[in-house]
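In: how does the following fold in three dimensions:
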Amino acid sequence: MKLNRRSFIIKFFFALMGLFSFDILWFEKYVIQWTTYDLSKSENKIKIVQLTDLHINELKSFHKAIAKRINKELPDFICITGDSVNNNKGLPALNQFLGFISNDIPKVVIMGNKEYAGRVNFNSFRNLIEKHNGQLLINESLKFSKANRDLVIIGVDDFIGGNPNFTNASAEYDSLEETIVLNHCPEYSDEIALLNEIEKVNIKLILSGHTHGGQITFLGKAFYKPGGSGRFLRGWYKLNDIRMYVSKGIGTKYIPIRMGCRAEASIFYV
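Out: Down below sits the predicted model:
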């Protein structure tokens, strides 16, 4: 049976809308884009996986796929840069998710605005992270060592719900040591760069999230950015001589779709 012109256009339109709906409702949300960046000038590279904005409420198949990929990659440690859960109801799912990741891989976690807004029980959150070989940093730092290299990791508190203090967070170690800063809301990174003109911390990289990369974008323009994003959206930025990466993150908030902005997990060699 031959299609007339009108029938063909109608069928083509609905097929196109079906593909479009598949993209924004499923593909961009659940098929994770893995990005890799090599910033190291050393033969003894340190491998980091960044996850951010999980907003995990229940465990789904793509969470298991992320865990499987991490176990295959075997990073030296994982950075989870805020908004892991929206409230206490998400803690069991986060516990399940971290349980799929090898406990031999250290995790470093910071707070996001959603942990504060959702009144997540602080002790339960910290204990859960520690159970999975992790450490929660709130204006604190730790030192990671590998072979003959040391790397200081600074975790600042959330800019919206918490009380970020880069000066206190960076005080424990020698400022000349190589350092990575974990900062959920990228807007505070401008303050970090300003403070660092005095502190002179040897910051190799700032890792941020929060923006969801815009979550719904058209021609690279975001329809909406949450407060705390500042002038940042996604990808690479340079603040004075400091490099910062703003991840598009894993989860969604308010509207459970992504458009022009695939969910992302990143691997960094430093």
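
In: how about the strands in the stretch 151-270 of the chain?
Out: Counting by DSSP state E, counting those that start in this stretch, the stretch 151-270 of the chain has strands at residues 179-182, 203-208, 217-218, 221-222, 235-239, 242-246, 264-269.

In: before we move on, what about the stretch 1-150 of the chain?
Out: Going by DSSP E, counting those that start in this stretch, the stretch 1-150 of the chain shows strands at 33-38, 47-51, 77-81, 107-110, 134-136, 140-146, 149-155.

In: got the buried residues for the last one?
Out: For strand 149-155, a neighbour-count test (16 or more other CB atoms under 10 Å) marks 151-155 as buried. Placement of C-beta: from N, CA and C, glycine included.

In: just the angle between it and strand 77-81, please?
Out: The directions of strand 149-155 and strand 77-81 differ by 20 degrees, with axes from the mean of the first three to the mean of the last three CA atoms, to 10 degrees as the criterion.

In: just checking, what packs against strand 149-155?
Out: Counting contacts by 3 or more CB pairs under 8 Å, 6 or more residues apart in numbering; DSSP states H and E, strand 149-155 packs against strand 107-110, strand 140-146, helix 166-169, strand 179-182.

In: ok, it: who's next to it in the sheet?
Out: Next to strand 149-155 in the sheet, as set by DSSP bridges, lie strand 140-146 (antiparallel), strand 179-182 (parallel).

In: quick one: which of these is nearest Asp38?
Out: Among the strands paired with strand 149-155, the nearest to Asp38 by CB to CB is strand 179-182 (14.7 Å).

In: pull the residues that contact that closest one.
Out: The contact list for strand 179-182 (CB atoms under 8 Å, 6 or more residues apart in numbering) reads 48, 79, 81, 108, 110, 137, 141, 151-156, 166, 170, 173, 189, 192, 201-207, 270.

In: how far does that strand sit from its chain's centre?
Out: 13 Å (CA atoms, centre = their mean, to the nearest Å).

In: now it: average pLDDT?
Out: Computed over strand 179-182, the mean pLDDT rounds to 98.

In: also stretch 82-89?
Out: For stretch 82-89, mean pLDDT rounds to 97.

In: measure it end to end?
Out: 16 Å (CA to CA, to the nearest Å).

In: buried residues in that stretch?
Out: For stretch 82-89, the neighbour count (16+ other CB under 10 Å) marks 82-86 as buried.

In: hmm, who's touching that stretch?
Out: Counting by CB under 8 Å, 6+ apart, 52-57, 90-91, 93-94, 109-115, 117-121, 124-125, 158, 184-185, 209-210, 249, 251, 253 sit against stretch 82-89.
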